[in-house]
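K.L.:
here's a sequence, model it:
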Amino acid sequence: MNGKVLLGSSTNLHGPLNKHRFMLSIGMHTNQELQRDWKLHGPDAFTFEVLEVVKPKDDPGFSVSDELTLLEQIWLEKLSPLAPRGYNTGTRIRE
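P.N.:
Below is the predicted model:
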């Protein structure tokens, strides 16, 4: 509704999404600005999207963690999720 974004990443796709939804629904999310807007606009005003998924490669030098770090940097640059554009309070986004 307001165009703001919260960017996150994880090696566990569903865990953090469920945690964010649950914490918002009970009014206990640690991000106070996000919680305030959730209460003000309601859950239907928010969309949860998976932007990209790291696909493991059959390469001995491949690291899921390194690939995820690269994707985090790309999406941080693309979306600029820090205030005032977004809800992120810092560039550390992995859960």
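
K.L.:
pull the distance from stretch 4-15 to the chain's centre.
P.N.:
3 Å (C-alpha atoms, centre = their mean, to the nearest Å).

K.L.:
farthest residue from the center of this structure?
P.N.:
Pro60 (28.9 Å; C-alpha atoms, centre = their mean).

K.L.:
just the element for it, please.
P.N.:
Pro60 belongs to no helix or strand when assigned by DSSP states H and E.

K.L.:
now do the same for it: its pLDDT.
P.N.:
At Pro60, the model reports a pLDDT of 94.

K.L.:
mind listing what it touches?
P.N.:
Pro60 makes contact with no residue under the criterion C-beta atoms under 8 Å, 6 or more residues apart in numbering. C-beta: built from backbone N, CA, C; applies to glycine.

K.L.:
max-length helix in this structure?
P.N.:
helix 64-79 (DSSP state H).

K.L.:
could you pull up the mean pLDDT of it?
P.N.:
Mean per-residue pLDDT for helix 64-79: 96.

K.L.:
list the buried residues of that helix.
P.N.:
By neighbour count with 16 or more other C-beta atoms under 10 Å, helix 64-79 contains the buried residues 68, 72, 75-76.

K.L.:
and it, C-alpha only, in CSV?
P.N.:
In CSV, the C-alpha atoms belonging to helix 64-79 read as follows (Å, rounded to 0.1, in the frame of the first residue of the first chain):
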residue,chain,number,x,y,z
VAL,A,64,25.1,-21.9,-1.0
SER,A,65,26.2,-19.3,1.6
ASP,A,66,28.4,-17.5,-0.8
GLU,A,67,25.7,-17.5,-3.5
LEU,A,68,23.2,-16.2,-1.0
THR,A,69,25.5,-13.4,0.0
LEU,A,70,25.9,-12.4,-3.6
LEU,A,71,22.1,-12.4,-4.1
GLU,A,72,21.6,-10.4,-1.0
GLN,A,73,23.9,-7.7,-2.3
ILE,A,74,22.1,-7.6,-5.6
TRP,A,75,18.7,-7.3,-4.1
LEU,A,76,19.8,-4.7,-1.5
GLU,A,77,21.0,-2.6,-4.4
LYS,A,78,17.9,-3.2,-6.5
LEU,A,79,15.3,-2.6,-3.8
